[in-house]
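[1] just coords:
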Ligand code: UGA
């Protein structure tokens, strides 16, 4: 099939590349000329495991083409994916100006039947608005479909190639059939393609993300309570999670959820509720609890250093909002760093992928090291913010001999308490005995 993808952010790029992998001819459009030029030369603009291999293969095979021309994209594809940003507006709602801006142009350009597919996470009713915007100028027939994505950063290629489900919001038989044909190769295992109306599809995406954020937040509250009563959240987590109605996943407490999706989507759903005179009380609490969770290690650190962090140096392991990504959007590490800097502390940091992004944001205020052990030299304490695998089995001797004080503040519960304590290191984690 001939496919076009408008917008080559993380969703658009993964969608375009993976659709080319099953033999479709894909044109990806982006307004950023420099980026398009780089992609034409085979450069993947984001860090996403396995994407480079697929990218290279499909460019070489001529199935994956990049363009700055919306016209070229719209003329090429029978199915046009809109993978445009929907950033958070000042009031927490999703800003639809990119999506609707492109939609208005579509009507002017298309001359034969097209399926316009909304891939971005958008409030309920957006497909309708897109349809209206295209209709203003449309000279040919078209359908608008909502097809939310459930990709996780770091696993996006795998999630796209082997999805647990595909959700298609469509009220047109013709469009539904085209979408089913397109996705069939990805659900050979028997996982479902679920067809529903556009509004339900749009809400499914928000509901899934908000539910997962709520699940994590609930566990974070249980962890905070465990500390008050001397229970161990890891034991509680396993005890709870083995009930198949609850499930083991997304029950890991820590320093809060971050990233480009959960924080934005929870706020957007909360705001959409308000706009429809519905108050999501549960989401209101999730937002507040998560804001506090991001800095939950701060009082423990301050207390350990007798309220004086002036000129103390902290080594940080992990800056990305989660492992396997260089993404630092809404990363809990940044909130903690800001608090520490405000108190006059110095920061040295190591992350396998995200250091360049953090360096750009902090402009010389943070020191970086090439290895996880270099960063410990002359630091007063170690703080762990992201659970990269490389941090899971450290050389505790090296940690001990490099740090000024034998203390670890672990925001991701990476170690067994007994393993750290037998090394004579003080260990503070989340929801467990300190
Ligand atoms: C999330 C969803 O998992 C995807 O299904 C969805 O498609 C995507 O948002 C999106 O809307 O685009 P992602 O943001 O890549 O994916 O990351 P997750 O792996 O879901 O993690 C989100 C945050 O929750 C991270 O900060 C992570 O550290 C935190 N988390 C996750 C926990 O604190 N505890 C857990 O048990 C799980």
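    Nice, thanks for sending it over. Predicted model, so just to flag it, every value in this text is computed and none were measured. Residues are numbered from 1 along each chain as shown.

[2] what residues does this protein have near the ligand?
    Selection of the chain residues close to the ligand by Cβ under 6 Å from any ligand atom yields 121, 149-153, 209, 212, 216, 250-252, 254, 257-259, 261-262, 321-322. Quick note: C-beta positions are derived from backbone N, CA and C, even for glycine.

[3] give me the neighbour count for the nearest residue to residue 250 once chain neighbours are set aside.
    Distances taken as Cβ to Cβ, 6 or more residues apart in numbering place residue 215 nearest to residue 250, at 4.8 Å, with adjacent residues excluded. The number of residues packed near residue 215 is 17, by other Cβ atoms under 10 Å.

[4] which helix or which strand is home to residue 215?
    helix 198-229 (DSSP states H and E).

[5] elements contacting that helix?
    helix 126-135, strand 142-146, strand 166-169, helix 233-241, helix 262-275, helix 281-293 (3 or more Cβ pairs under 8 Å, 6 or more residues apart in numbering; DSSP states H and E).

[6] dump these into TSV; add mean pLDDT and mean neighbour count as well.
    TSV is the format used below for the helices and strands packed on helix 198-229 (pLDDT from 0 to 100; neighbours: other Cβ atoms under 10 Å):
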stretch	mean pLDDT	mean neighbour count
helix 126-135	96	20
strand 142-146	98	25
strand 166-169	98	22
helix 233-241	97	17
helix 262-275	95	20
helix 281-293	98	17
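
[7] which one of these lies nearest to residue 2?
    strand 142-146 (15.0 Å; Cβ to Cβ).

[8] from the chain's centre, how far out does that closest one sit?
    26 Å (Cα atoms, centre = their mean, to the nearest Å).

[9] next helix or strand past it?
    Per DSSP H and E, the first helix or strand lying C-terminal to strand 142-146 is helix 156-161.

[10] how near is the nearest residue to residue 85 once chain neighbours are set aside to the ligand?
    Counting by Cβ to Cβ, 6+ apart, residue 85 lies nearest to residue 98, which is 5.5 Å off, once chain neighbours are set aside. Plainly put, residue 98 is 16 Å away from the ligand if you go by Cβ to the nearest ligand atom, to the nearest Å.

[11] state the distance from residue 98 to residue 352.
    Residue 98 is 31 Å from residue 352, where distance means Cβ to Cβ, to the nearest Å.

[12] ditto for residue 425
    According to Cβ to Cβ, residue 425 stands 23 Å off from residue 352.

[13] now do residue 103
    Residue 103 is 39 Å from residue 352, by Cβ to Cβ.

[14] ok, these two, which is more surrounded?
    More neighbours surround residue 103 than the other of residue 103 and residue 352, with 26 against 19 (other Cβ under 10 Å).

[15] for that one, which residues are in contact?
    Counting by Cβ atoms under 8 Å, 6 or more residues apart in numbering, residue 103 makes contact with 82, 116, 129, 130, 133, 134.

[16] from residue 268, how far out is the residue lying closest to residue 275 once chain neighbours are set aside?
    Using Cβ to Cβ, 6+ apart and skipping the chain neighbours, the partner closest in space to residue 275 is residue 93 (7.4 Å). Residue 93 is 6 Å from residue 268, where distance means Cβ to Cβ.

[17] again with residue 349
    Separation of residue 349 from residue 268 (Cβ to Cβ): 31 Å.

[18] ok, and the closest non-adjacent residue to residue 285?
    In space, and not counting its chain neighbours, residue 285 is closest to residue 217: 7.7 Å by Cβ to Cβ, 6+ apart.

[19] list the residues that contact the one you found.
    257, 285, 286, 289, 290, 293.

[20] just checking, residue 116 touches residue 144?
    Yes. Taking Cβ atoms under 8 Å as the definition, residue 116 is a contact partner of residue 144 at 5.0 Å.

[21] how about residue 317, phi and psi?
    phi -100, psi 120 (degrees, to the nearest 10).

[22] and it, bridged to which residues?
    Per DSSP bridges, the residues bridged to residue 317 are residue 350, residue 384.

[23] break the chain into its domains for me.
    Structural domains annotated on the chain: 2-196, 205-293, 297-428, as defined by automatic domain parsing.

[24] dump these to JSON lines, plus distance to residue 434.
    Formatted as JSON lines, the domains of the chain follow (distance: least, Cβ to Cβ, whole Å):
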{"stretch": "domain 2-196", "distance to residue 434": "30"}
{"stretch": "domain 205-293", "distance to residue 434": "7"}
{"stretch": "domain 297-428", "distance to residue 434": "5"}
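
[25] can you give me the distance of the nearest residue to residue 283 once chain neighbours are set aside to the ligand?
    Excluding the flanking residues, the one nearest residue 283 by Cβ to Cβ, 6+ apart is residue 270, at 4.3 Å. Distance, residue 270 to the ligand, using Cβ to the nearest ligand atom: 16 Å.

[26] ok, residue 270 touching residue 281?
    No. Using Cβ under 8 Å, residue 270 makes no contact with residue 281, being 9.6 Å away.

[27] contacting residues for the residue in the stretch 301-434 of the chain positioned nearest to the ligand?
    Distances between the stretch 301-434 of the chain and the ligand by Cβ to the nearest ligand atom are smallest at residue 322, namely 4.0 Å. Residues near residue 322 by Cβ under 8 Å, 6+ apart: 153, 154, 258, 259, 386, 387.

[28] burial count for the third one?
    Number of residues near residue 258 (other Cβ under 10 Å) recorded here: 25.

[29] does it belong to a helix, a strand or coil?
    Judged by DSSP: H, G, I helix; E, B strand; the rest coil, the three-state class of residue 258 is coil.

[30] quick check, pLDDT for it.
    With respect to pLDDT, residue 258 scores 98.
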